[in-house]
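Participant: any chance you could fold what I've pasted below:
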Amino acid sequence: MIGAFKHMGRILPKLWNDRVTIKGVIGVKKGVFSDSKDATIVENYPAKVVLGGQKTSEQSFFGTDQYDAKLLIDNSVFIPAGADVYVTDVNGHKTKYKRASKGYQGYASHQEVAMVRDEKAKDVVNDGMGNN
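Facilitator: Next up is the predicted model:
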């Protein structure tokens with residue numbers, strides 16, 4: 001049975017239309033000292049974002065655009081906690097997620113990464129009335 005799920009893991013990325021770039025911190029050794037540096041973990045990699053919750057009743061008065069989401073990506077990618085995830089969806093819209101969890105690799109076919117979009121709302125609407 002596990003073999004069927006592993007086979008599914010090779011097929012799933014073909015169905016995922018989102019592309020992700022993941023940036024995080026990796027450990028490096030400098031002589032006897034350990035340090036860390038910023039690194040791009042993957043770039044333009046197939047994945048799928050699933051919204052976890054986006055209730056309008058929970059939106060702040062101050063215009064934040066905040067919601068929980070999950071990233072579905074194959075198990076071959078190591079995603080450290082705290083990574084920044086940049087997603088380009090099938091329509092070309094770009095979204096930055098932060099506060100990502102470490103990837104949960106308990107599935108044979110993929111892993112899930114919990115993440116949060118938490119930004120000030122910055123979309124501007126041109127309504128023809130000078131509000132642009």
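
Participant: contacts, neighbours, all on C-alpha from now
Facilitator: OK.

Participant: which residue is the nearest non-sequential neighbour of the spatially most central residue of the chain?
Facilitator: Centroid-nearest residue in the chain: residue 85, 4.1 Å away (criterion: C-alpha atoms, centre = their mean). Leaving aside its sequence neighbours, residue 85 sits nearest to residue 22 (C-alpha to C-alpha, 6 or more residues apart in numbering; 4.6 Å).

Participant: show me where this structure has its strands.
Facilitator: For the chain, strands defined by DSSP state E occupy the ranges 18-30, 33-53, 64-73, 84-88, 94-97, 111-120.

Participant: turn the ones you listed into a markdown table, including distance to residue 105 and mean pLDDT.
Facilitator: Below are the strands of the chain laid out as a markdown table (distance: least, C-alpha to C-alpha, whole Å; pLDDT from 0 to 100):
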| stretch | distance to residue 105 | mean pLDDT |
| --- | --- | --- |
| strand 18-30 | 17 | 88 |
| strand 33-53 | 14 | 88 |
| strand 64-73 | 10 | 82 |
| strand 84-88 | 17 | 93 |
| strand 94-97 | 20 | 90 |
| strand 111-120 | 4 | 81 |
